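K.L.:
build the 3D model from these lines:
(one chain, ligands or ions: 1)
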Amino acid sequence: MIKVAINGYGTIGKRVLMRWPLSRTWKLSGVSKTDPQGEAYIANERGYPPLYIADITKKPAFDEAGIAVAGDVEGMLRQCDIVVDATPPGGVGKSNKALYELYNVKAIWQGGEKHELAGISFNSSCNYHDAFGADFVRVVSCNTTGLCRIIQLADEAYGVKSVFATMVRRGSDPPGGIKKGPVDAIVLNPVTIPSHHGPDVNTILPSVDIVTTAMIVPTTFMHMHVIRMELAREASCEGVLDLIRKHPRIGIVKGASGITSTAELRELASDMGRPPRGDLWESCVYEDSVAVGKNNELYLFQAIHQEADVVVENIDAIRAMMKGADTAEESVRITNEALGLKAI
Ligand code: NAD
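P.N.:
Numbers count the residues shown, from 1 in each chain. The predicted structure is shown next:
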């Protein structure tokens, strides 16, 4: 039995925690929280794995709220084989590394941490085998995940000479980000070009020549990517769409659906009854946006559900590190089937 713990039960942590994607040979052994907020109540109420807290001096606040606490994070680490660190960006994950080493547990960090912390950045479509049996892995950010999937696909089929991509990013994730903006602005983030996303893609696809830019807009659901790739070999729209249709983690937003926004995509995910919260784990390429220019440049729009696409990558990373599936194809198939991920 593989014992998995989640350190940081927030936007990403709680999505990774959901029981249904885990196999019969995996057990959730613990989850950690810093404050007795709503998520802690739910975890307690639903009988999720024992709740641990990062700062044990806060236990009285949990006691007062009637939330059972099993101990501190060190106690949680004593009970697990592998930990998914989904603490907020800004140094917590980095400072946790010494603890993971002390308790001899494997660890997965998220895109808010630097590549160097784990030494291996991960995307199941690109480099599953780099993580096979590894002790430390970083699952790249939601934007980098979306970029890696589509670039790798185009590169394998046509060769990618260069990429230019712009990320139009959501302002914040509710509820944690309710006080964040922007409110009435499009913010260049950063104003300098390139943004960090290109170098981040290079932690997984080192030979790709890529320049990225990014801006933030007043919305909370999804990022939108505008992508241009210069291809080495001749391509057609239909050929590209065929490849995308076969990709297990890239969906097509059909032109006939009339969907041209992220808001309609959110509604579609809810209408599809995606359990348990209408998450879109796949990158969503707009069919009608796919275009090939006369010099073999490929253009497309893709929407990325920032809270969801990395969740399936974390599950595959666990499987790779614990040697639970020999190939990426097998792991992705198991994860997709467990989640019920079918093409949009
Ligand atoms: P979040 O703020 O929503 O959740 C973080 C959780 O960690 C909170 O529940 C907080 O209580 C808990 N926490 C804080 N300090 C802790 C500590 N010392 N020990 C244990 N738990 C602690 O953050 P998030 O958005 O889930 O981000 C987590 C990671 O995932 C970051 O690296 C981020 O960059 C990355 N990521 C986030 C998104 C996104 O859209 N939110 C997408 C992809 C990757």
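
K.L.:
get me the contact residues on the chain for the ligand.
P.N.:
7-13, 32-35, 54, 73, 86-89, 92, 110-113, 141-142, 173, 176, 306-307, 310 (CB under 6 Å from any ligand atom). In this view, the C-beta of every residue, glycine as well, is placed from N, C-alpha and C.

K.L.:
in strands, which of those fall?
P.N.:
Counting by DSSP state E, the part of the residues of the chain next to the ligand found in strands is Asn7, Ser32, Lys33.

K.L.:
which residues sit in contact with the first one?
P.N.:
Under the criterion of CB atoms under 8 Å, 6 or more residues apart in numbering, the contact partners of Asn7 comprise Gly13, Ser32, Ala54, Val73, Met76, Val83, Val84, Asp85, Ala86, Thr87, Asn96.

K.L.:
so what's it bridging to?
P.N.:
Beta-bridge pairing of Asn7, defined through DSSP bridges, involves Ser32, Asp85.

K.L.:
got a pLDDT number for it?
P.N.:
Reported pLDDT at Asn7 in the predicted model: 96.

K.L.:
and Pro21, by the same measure?
P.N.:
Value for Pro21, per-residue pLDDT: 55.

K.L.:
and the residue lying closest to Ser257 once chain neighbours are set aside, how far is that from Leu280?
P.N.:
Spatial nearest neighbour of Ser257, chain neighbours left out: Leu268 (7.3 Å); criterion: CB to CB, 6 or more residues apart in numbering. As judged by CB to CB, to the nearest Å, Leu268 and Leu280 stand 9 Å apart.

K.L.:
Tyr299 contacts Ala291, doesn't it?
P.N.:
Yes - using CB atoms under 8 Å, Tyr299 makes contact with Ala291 at a distance of 4.6 Å.

K.L.:
so for those two, which sits in the more crowded spot?
P.N.:
Higher neighbour count among Tyr299 and Ala291: Tyr299, with 15 against 12, using other CB atoms under 10 Å.

K.L.:
name the element that one belongs to?
P.N.:
strand 297-304 (DSSP states H and E).

K.L.:
so what strands line up beside that strand?
P.N.:
Partners of strand 297-304 in the sheet, by DSSP bridges, are strand 223-231 (antiparallel), strand 283-286 (antiparallel), strand 291-292 (antiparallel).

K.L.:
buried residues, that strand. List them.
P.N.:
Glu297, Leu298, Leu300, Phe301, Gln302, Ala303, Ile304 (16 or more other CB atoms under 10 Å).

K.L.:
which non-adjacent residue is nearest the closest residue to the ligand within the stretch 51-200 of the chain?
P.N.:
Using CB to the nearest ligand atom, the closest approach of the stretch 51-200 of the chain to the ligand is made by Gly112 at 2.4 Å. In space, Gly112 comes closest to Pro89 once its chain neighbours are excluded; the distance is 2.7 Å by CB to CB, 6+ apart.

K.L.:
next, count neighbours for the one you found.
P.N.:
Count around Pro89 with other CB under 10 Å applied: 14.

K.L.:
residues contacting it?
P.N.:
Pro89 neighbours (CB under 8 Å, 6+ apart): Gln110, Gly112, Glu113.

K.L.:
show the buried residues in the residues you listed.
P.N.:
Here, 16+ other CB under 10 Å leaves Gln110, Gly112, Glu113 buried among those.

K.L.:
got those residues as TSV, with pLDDT columns?
P.N.:
TSV is the format used below for the buried ones among the contacts of Pro89 (pLDDT from 0 to 100):
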residue	pLDDT
Gln110	98
Gly112	97
Glu113	97
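
K.L.:
for those, which one is nearest Ile151?
P.N.:
Gln110 (20.5 Å; CB to CB).

K.L.:
so who does the closest one touch?
P.N.:
Ile12, Asp85, Ala86, Pro89, Gly93, Arg138, Val139, Ser141, Val310, Asn314.

K.L.:
with Pro190 instead?
P.N.:
Per CB under 8 Å, 6+ apart, neighbours of Pro190: His196, Ala214.

K.L.:
pLDDT at it, what is it?
P.N.:
98.

K.L.:
quick one: classify it as helix, strand or coil.
P.N.:
Per DSSP: H, G, I helix; E, B strand; the rest coil, the secondary structure class of Pro190 is coil.

K.L.:
any figure for the gap between it and Met167?
P.N.:
From Pro190 to Met167 the distance is 11 Å (CB to CB).

K.L.:
report the contact partners of Ala131.
P.N.:
Listed by CB under 8 Å, 6+ apart, the contact set of Ala131 reads Ile120, Phe122, Val137, Ala317, Ala320, Met321.

K.L.:
before we move on, what about Asp173?
P.N.:
Thr11, Thr220, Gln306, Glu307.

K.L.:
what of Gly171?
P.N.:
Neighbour list for Gly171: Gly177, Lys180, Gly181, Pro182, Ile216, Val217, Pro218, Thr219, Thr220 [criterion: CB under 8 Å, 6+ apart].

K.L.:
again, only this time at 10 Å
P.N.:
Gly171 makes contact with 177, 180-183, 185, 187, 189, 216-220, according to CB atoms under 10 Å, 6 or more residues apart in numbering.

K.L.:
follow-up on the earlier one: can you tell which of the strands paired with strand 297-304 is closest to Arg24?
P.N.:
Of the strands paired with strand 297-304, nearest to Arg24 by CB to CB is strand 283-286, at 29.4 Å.
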